[in-house]
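A.B. asks: Compute the structure for the input listed below.
(chains A and B)
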Amino acid sequence: MKKRLSHNLVSAVNSLHLSGSSKPLSFHKKTRFIQTVQTCNNLVLPTLTHSKILKSGLLNDTIITNHLINGYIKSQQISQAHQVFDEMPEPNVVSYTSLMSGYISASKPQLCLWMFREMHNSLVLPNEFTFATVVNACSILADLQKGKQVHGLVEVFGFRFNLVVCSSLVDMYGKCNEVDFAQLVFDSMADKNVVSWTSMITAYAQNGRGNEALEVFREFNLLDWEIPNKFMLASVINACASSGKLVSGKTTHGAVIRHGHDSNDIVASTLVDMYAKCGCIVYAARVFRRVQNPCVIPYTSMIVAAGKHGHGKVSIELFEEMIDKRIKPNDVTFVAVLHACSHSGLVDQGLEYFNSMSWKHGVVPEAKHYTCVVDMLSRIGRFDEAYRLAKSIKVNPNEGASLWGTLLSASRLHGRLDIAVEASKRLIESDQQVDGAYVTLSNAYVLAGEWENANDLRKKMKQTGVCKEPGCSWIDIKDSTYVFYAGNISFKRGTEVLRMLKELEREMKEKGRSKGLVFVDVEEEAMEETVDHWLKRLNREP
DNA sequence: ATAGGGTTAG
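C.D. replies: Numbering: from 1, shown residues only, chains lettered A, B, ... in the order given. Got it, this is the predicted structure:
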């Protein structure tokens, strides 16, 4: 590899022979030059060739300069690329589009949009590459408004029949949680390929509509003109995981093996995740151990899987194993570890990991990590620390919602009304999950016996039209899905379930694990009666 | 010359 690089370097210089002379290059030399820049993948080469081009006066040649821009982008020197762009007398579509996609690979999608606006103000017209790129920026930002604007321009410029542009539109609508729009675009497409089908499946899978994702997958298979690839299979398994479909998950696992994708890291990660979410931790572990040289992603999935099943110690072992193998943990890995510690009561170890993130592993804690720690501390009743930590960081509305939401539900469980009030105030301020905040706070009042406050809050909800959709869980048995709504036991064998819960509660109390279960997830006005009824019943019973 | 899809938490 090293040899090839230095060879490139030499040939770059040789192919130019430019020093001093400003003679136009021969076609042959230009081609040689372009080939050299294309293969460059180190930091020195673009700069070196840049200076050669500068001396030769070739910087006015748009094609040559575009190659230089791409050279800088490939070697991750986006600001240099932009500088070259700025000095171009006549940038064309490629110059603009290259820089735009450069900004995306530099994880600066905002600047990609900015470049697109610049382009719009110039006389250069966008092409299908430009649109695919800018739509991609919108989906990374999950910016529906921008996405729709760009979609309008796609129609205006006549790219609505372009396969790639439409695939990225499907993806964009999916990432913006507008699955029905995604379906609309998908249905309007004349040409479809594995990528567009995968985008559609992913859109459903990532929006909690696993059934429809599987339906689309079935439709794809019925066409029988292309076989699913690893991208598609990963997405389908994700759909199974998020809707708890073990049987479909196993069937898809079969397809993964048949198509020879079982050695793929990411596919294995989705399988680990799917089995863990469907309750089969043993299968999850088996799939994980079969991965040769797992990278950070399967490790993280397995850490999550163990943590979810209450094996926090195993999560920690996996983390340490990973570090020993010199695999660098990322931000998600730490969420997983902290989450695992939190759910297994390994608070001190969790705090230790949290404090070592930055200096030991080079991962700067973000809001989501603070949220985990707040969760960890408040779970065991260390509210004052949790509250202090939550107050100490700056968050955007979205992050604030999960941060204060975590604190709110924990403080309700522990009956810390003061913190519950404070947390819900902040939650309502963040203008996210307002419905949930109202309900949880009102439940906290109920728990503290402050019925009047609870009623006031209910009234306020009615006035402002805030209404909470009832939460639910479900399980698939054979071909049927059984759905259970929060606060509702009016299904078959409901009383049996309640009796079982009481029994579990008794055992937990005996082992000192719980101060008592809370059965007050009043989600709807109409259910208040039944819940009150239970509450009284539960209080009456010893 | 420049473009599209997969994973991990709550």
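
A.B. asks: burial count for A:Ala241?
C.D. replies: The number of residues packed near A:Ala241 is 22, by other Cβ atoms under 10 Å. All C-beta spots, glycine's among them, are computed from the backbone N, C-alpha and C.

A.B. asks: who touches it in this structure?
C.D. replies: Applying Cβ atoms under 8 Å, 6 or more residues apart in numbering to A:Ala241 gives the contacts A:Gly249, A:Thr270, A:Asp273, A:Met274, A:Lys277, A:Cys278.

A.B. asks: Likewise for A:Ala142?
C.D. replies: Residues counted as contacts of A:Ala142 (Cβ under 8 Å, 6+ apart) are A:Lys175, A:Cys176, A:Asn177.

A.B. asks: What of A:Ile73?
C.D. replies: Taking Cβ under 8 Å, 6+ apart, we find A:Ile73 in contact with A:Ala81, A:Ser98, A:Leu99, A:Ser101, A:Gly102, A:Ser105.

A.B. asks: Restricting to these, which residues neighbour DNA strand B?
C.D. replies: Taking Cβ under 7 Å from any atom of the strand as the test, DNA strand B is in contact with A:Ser98, A:Ser101 out of these.

A.B. asks: Can you add neighbour count and secondary structure and give the contacts of A:Ala241 back as TSV?
C.D. replies: Converted to TSV, the contacts of A:Ala241 look like this (neighbours: other Cβ atoms under 10 Å; DSSP: H, G, I helix; E, B strand; the rest coil):
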residue	neighbour count	secondary structure
A:Gly249	26	helix
A:Thr270	28	helix
A:Asp273	26	helix
A:Met274	30	helix
A:Lys277	21	helix
A:Cys278	22	coil
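
A.B. asks: Same list (those) but as JSON lines, adding distance to DNA strand B.
C.D. replies: Listed next are the contacts of A:Ala241 as JSON lines, based on distance: Cβ to the nearest atom of the strand, whole Å:
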{"residue": "A:Gly249", "distance to DNA strand B": "12"}
{"residue": "A:Thr270", "distance to DNA strand B": "5"}
{"residue": "A:Asp273", "distance to DNA strand B": "4"}
{"residue": "A:Met274", "distance to DNA strand B": "8"}
{"residue": "A:Lys277", "distance to DNA strand B": "7"}
{"residue": "A:Cys278", "distance to DNA strand B": "12"}
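
A.B. asks: and the two most separated of these?
C.D. replies: Within the contacts of A:Ala241, two members stand farthest from each other by Cβ to Cβ: A:Thr270 and A:Cys278, at 12.2 Å.

A.B. asks: and the contacts of A:Ile73, which of them are in helices?
C.D. replies: Among these, the ones falling in helices (DSSP state H) are A:Ala81, A:Ser98, A:Leu99, A:Ser101, A:Gly102, A:Ser105.

A.B. asks: So the nearest residue to the first one once chain neighbours are set aside: helix, strand or coil?
C.D. replies: The shortest distance from A:Ala81 to any residue other than its chain neighbours is 3.8 Å, reached at A:Tyr72 (Cβ to Cβ, 6 or more residues apart in numbering). Here A:Tyr72 takes the helix state, with states given by DSSP: H, G, I helix; E, B strand; the rest coil.

A.B. asks: thinking again about what came up before, for the ones in helices among the contacts of A:Ile73, pick the one with the most neighbours.
C.D. replies: Counting by other Cβ under 10 Å, top hit in the ones in helices among the contacts of A:Ile73: A:Leu99 with 27 neighbours.

A.B. asks: mind checking how far that residue is from A:Glu118?
C.D. replies: According to Cβ to Cβ, to the nearest Å, A:Leu99 stands 9 Å off from A:Glu118.

A.B. asks: about what we covered before: pLDDT added to the contacts of A:Ala241, as CSV?
C.D. replies: Formatted as CSV, these follow (pLDDT from 0 to 100):
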residue, pLDDT
A:Gly249, 96
A:Thr270, 96
A:Asp273, 96
A:Met274, 96
A:Lys277, 95
A:Cys278, 95
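
A.B. asks: Go through those residues and name the one nearest A:Arg412.
C.D. replies: Ranked by distance to A:Arg412 (Cβ to Cβ), these are led by A:Lys277 at 26.0 Å.

A.B. asks: which ones are touching that closest one?
C.D. replies: A:Ala241, A:Ser242, A:Gly244, A:Lys308.

A.B. asks: Kindly report the same for A:Thr406.
C.D. replies: Contact partners of A:Thr406, counting by Cβ under 8 Å, 6+ apart, are A:Thr371, A:Val374, A:Asp375, A:Ser378.

A.B. asks: just A:Ala390 next, same as before
C.D. replies: Counting by Cβ under 8 Å, 6+ apart, A:Ala390 touches A:Tyr370, A:Val374, A:Leu403, A:Trp404, A:Leu407, A:Ala423.

A.B. asks: Hmm, the first one is touching A:Leu403, no?
C.D. replies: Read that as A:Tyr370. Yes: judged on Cβ atoms under 8 Å, A:Tyr370 makes contact with A:Leu403 at a distance of 6.5 Å.

A.B. asks: Mind listing the shared neighbours of these two?
C.D. replies: A:Ala390, A:Ile393.

A.B. asks: now whichever strand or helix holds A:Ala268, how far from the chain's geometric center?
C.D. replies: Using DSSP states H and E, A:Ala268 falls within helix A:265-277. Here helix A:265-277 is found 15 Å from its chain centre; the criterion is Cα atoms, centre = their mean, to the nearest Å.

A.B. asks: After that helix, which helix or strand is next?
C.D. replies: Sequence order places helix A:281-290 as the next helix or strand after helix A:265-277, per DSSP H and E.

A.B. asks: Only the C-alpha atoms, please, for that following helix, written as CSV.
C.D. replies: Output of helix A:281-290 as CSV, limited to C-alpha atoms (Å, rounded to 0.1, in the frame of the first residue of the first chain):
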residue,chain,number,x,y,z
ILE,A,281,-31.0,-14.0,24.7
VAL,A,282,-29.4,-17.4,24.1
TYR,A,283,-29.9,-17.2,20.4
ALA,A,284,-28.6,-13.6,20.4
ALA,A,285,-25.4,-14.7,22.2
ARG,A,286,-25.0,-17.6,19.8
VAL,A,287,-25.3,-15.4,16.7
PHE,A,288,-22.9,-12.9,18.3
ARG,A,289,-20.2,-15.5,19.1
ARG,A,290,-20.3,-16.8,15.5
